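Visitor: Sequence and predicted structure below; questions after.
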Amino acid sequence: MTAPPENLADRPAIAVASDDLLSELLRSVRLNGEGVVRYAPPPDFSVGFADTGSLHIVEAGRLALRIDGSPHVEHLDRGDFVLLPRGDRHHIADAGEPASWLCGTFAIGDPQASHLLGSLPAVIILRGGENPALEGLEVARKMLGLEMQAPTQGSAVMVARILDLIFIQIMRTWAAGPDAEPNWLAGAFDPQIGLALSAMHREPAHEWTVEELARVCSLSRSTFAARFAERVGKPPATYLAHVRLDAAMGLLRDTSLPVTHIAERVGYTSEPAFSRAFKSRYGTPPARWRRDARGR
């Protein structure tokens, strides 16, 4: 008989692919599940949500979703999963039938610090009904319901982890489907373009050329450039610039490295060039951004 491990650290490690770009990028945006509540308001209601990532799971009836500032209204039905990953302000209102839904919220580390969240759509909707892609999500929904009905020790962490799971599964399902818009997530699921994205995120300071990235993907230069723009929605050089500034943002926030060293570590040949690019993107020089971030 195999002896049980003496502690958790002795358990076999779970193998993770070295090119698991989605996991790395989701860690970088620091988005974590917080909590969940059930809404079942009386008729003629309108509930507002703002400045937090939101998940809505329709349990009964029909709802109307409107993103603030947009005239478009999405009608939601029982079984629909609705994710607002960027934290856009929105309202959910009565659509003529008694309704109830679960609402989960996510803490967003710094929505302005990353182009990753900003490039996602304001709302992602996975429709219910006979949708085999939602089988796993339905299991997660039931788990949320059980934790809400009978909370006990560890329930808060369970709920947070289930919300994280649902967020990831919605993103995966949407990105692999026909409605995915061109962005990093759609690119990550492309078996060849995903290799180029992984390379850029792994080594942002490297002087990547289109030719070199094309070789990483085993594609010709022209095929790679066209396919990258189609999947990601921007040229490789533009994407790489965003990756470098995101990496710089993390170093400014999490380390005490001098700005000059940070500029070098993310691929800039001079501090002035880095400072100009950073200020152009975020509206303030890197040193001042660091002071402001630490004062918040």
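Guide: Cool, the structure landed. Residues are numbered from 1 along each chain as shown.
Visitor: use CA for all of it now, contacts and neighbours both
Guide: OK.
Visitor: Pretty sure Pro41 sits against Ser100.
Guide: Yes - contact criterion CA atoms under 8 Å: Pro41 and Ser100 qualify, at 7.3 Å.
Visitor: More neighbours: these two, which one.
Guide: Ser100 (19 against 15; other CA atoms under 10 Å).
Visitor: where along the stretch 101-250 of the chain do the strands fall?
Guide: 124-126 (DSSP state E, counting those that start in this stretch).
Visitor: Can you pull out the low-pLDDT segments for it?
Guide: Along the stretch 101-250 of the chain, segments meeting pLDDT under 70 span 109-115, 130.
Visitor: ranges for the helices of it?
Guide: Secondary structure of the stretch 101-250 of the chain (DSSP state H, counting those that start in this stretch): helices at 115-118, 135-149, 155-175, 184-188, 193-202, 210-216, 221-232, 236-254.
Visitor: Give me whichever of the ones you listed is most buried.
Guide: Mean neighbours per residue, mean count of other CA atoms under 10 Å, is largest over the helices of the stretch 101-250 of the chain for helix 184-188, with a mean of 25.
Visitor: Just list what it packs against, helices and strands only.
Guide: Under the contact criterion of 3 or more CA pairs under 8 Å, 6 or more residues apart in numbering; DSSP states H and E, helix 184-188 touches helix 21-28, helix 155-175, helix 193-202, helix 221-232.
Visitor: Walk me through which strands the next helix or strand after the first one pairs with, and which way each runs.
Guide: Tracing the chain past helix 21-28, the next element assigned as helix or strand by DSSP states H and E is strand 31-39. When pairs are called by DSSP bridges, strand 31-39 turns out to pair with strand 100-108 (antiparallel).
Visitor: tilt between the strand it pairs with and helix 135-149?
Guide: Counting by axes from the mean of the first three to the mean of the last three CA atoms, to 10 degrees, strand 100-108 lies at 90 degrees to helix 135-149.
Visitor: tilt between strand 100-108 and helix 155-175?
Guide: 90 degrees.
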